[in-house]
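# Let me see the structure of the following:
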Amino acid sequence: MFRCLTCGSLGALLISALLLALYAGSVTVVATSVANVAVAADDAAADEAPAPKKENFLVWLYQALGWKYCIAFGVISFLFIAFVFKYSFSMRRSVLMPDEIVEGFDAEIQEKHFSEAYELVSNDESFMAQVLAAGLPRLQQGRDAAQKAMEDVIASESMKLDHQLSYVGLIAAVAPSIGLLGTVDGMVASFSVIANSASTPKPSELAKGISMALITTMVGLIFSIPASIFFALMKNHINKIIFDISVKGEQFMDQLLRGGK
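Predicted coordinates for the structure are as follows:
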């Protein structure tokens, strides 16, 4: 599962990088196309037109998005990258279900050192250790009581993991919504130019609103797609670990009931 998590995290990052590269190329094509259309229309209206001034890509992107959407997508990008790195490390199998806890607990009950086994898991904060620490003291009341105690801890810790991971799902949902808002905003700006113009407006005058409409939608999807993929991969990864913890906990309780054999 460690390799699964690593592949999932690297996959999300590689997809993000690929989409960003495609995005940069697409934006360049859109910028070039809009500039060419504007220049061609201006050339048709006038015999001589000034050569299009070369503009820095980042400056053009800022102007196309507008300061509001630059801030919005900047915050989203920072949070997404932070969540990817944080959850890729905190939700690893070696963190939630450490081998040293599983092997150490097994070794202690094999030697019938039950007090040492309880001390081992009670002093650890991992998911696996908390489950075992909850079930071991209840074993004197029967297997059902121990299993119920472990299930309560599993439900509680699972809810905490789902709550943390839900922020990635929120990014996947909010990013395209912001892009859609930018699309509507850009189209409204372009139609306002048409409505307030005494004559037919030049394409270059409409380019700003159209650029905002297209670029905000594209950027929103660029963040939404890798966020959705990362969310799905991490969700499956966590569910698999929770299942393994539940099965291993039951096996340990059965082993304790047999006297550590």
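# what about residue 249, distance to residue 149?
Per CB to CB, to the nearest Å, residue 249 is found 10 Å from residue 149. (Glycine included, C-beta is placed from N, CA and C.)
# do residue 182 as well
Here residue 182 is placed at a distance of 51 Å from residue 149 (CB to CB).
# of the two, who's got more company?
Here residue 182 and residue 149 are compared on neighbour count by other CB atoms under 10 Å; more neighbours surround residue 182, at 26 against 21.
# isn't the more buried one right next to residue 215, touching?
Yes: using CB atoms under 8 Å, residue 182 is in contact with residue 215, at 7.5 Å.
# okay, and the common contacts of those two?
residue 65 (CB atoms under 8 Å, 6 or more residues apart in numbering).
# Return whichever helix or strand residue 133 is part of as CSV; C-alpha atoms alone will do.
Here residue 133 sits within helix 127-138, counting by DSSP states H and E. Written as CSV, here are the backbone C-alpha positions of helix 127-138 (Å, rounded to 0.1, in the frame of the first residue of the first chain):
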residue,chain,number,x,y,z
PHE,A,127,-4.4,4.4,14.0
MET,A,128,-3.5,0.7,14.5
ALA,A,129,-2.2,1.4,18.0
GLN,A,130,-5.4,3.2,19.1
VAL,A,131,-7.6,0.4,17.8
LEU,A,132,-5.6,-2.2,19.8
ALA,A,133,-5.4,0.0,22.9
ALA,A,134,-9.2,0.2,22.9
GLY,A,135,-9.9,-3.5,22.3
LEU,A,136,-7.3,-5.1,24.7
PRO,A,137,-8.8,-3.8,28.0
ARG,A,138,-12.3,-4.9,27.0
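# Any buried residues in it, and which?
Using 16 or more other CB atoms under 10 Å as the test for burial, helix 127-138 gives 127, 128, 129, 130, 131, 132, 133, 134, 135, 136, 138.
# Run through the neighbouring helices and strands of it.
Counting contacts by 3 or more CB pairs under 8 Å, 6 or more residues apart in numbering; DSSP states H and E, helix 127-138 packs against helix 99-110, helix 114-122, helix 143-196, helix 203-257.
# Show me what counts as buried in the second one.
Along helix 114-122, these residues count as buried under the neighbour rule (16+ other CB under 10 Å): 117, 118, 120, 121.
# got the angle for that helix vs helix 127-138?
Inter-element angle recorded for helix 114-122 and helix 127-138: 140 degrees (by axes from the mean of the first three to the mean of the last three CA atoms, to 10 degrees).
# I would like the residues contacting the helix holding residue 133, please.
For helix 127-138, contacts defined as CB under 8 Å, 6+ apart pick out 96-98, 101-102, 105, 114, 117-118, 120-122, 124, 145-150, 152-154, 157, 241-242, 245-246, 248-249, 252-253, 256.
# how does it look with 6 Å?
Applying CB atoms under 6 Å, 6 or more residues apart in numbering, the contact partners of helix 127-138 are 96-97, 101, 118, 121-122, 145-146, 149-150, 153, 157, 245, 249, 253.
# And for stretch 149-165?
127, 130, 131, 134, 135, 138, 234, 238, 242, 246, 249.
# switch the cut-off to 10 Å
For stretch 149-165, contacts defined as CB atoms under 10 Å, 6 or more residues apart in numbering pick out 83, 86-87, 90-91, 96, 126-128, 130-139, 141, 169, 230-231, 234-235, 237-239, 241-243, 245-246, 249-250, 252-253.
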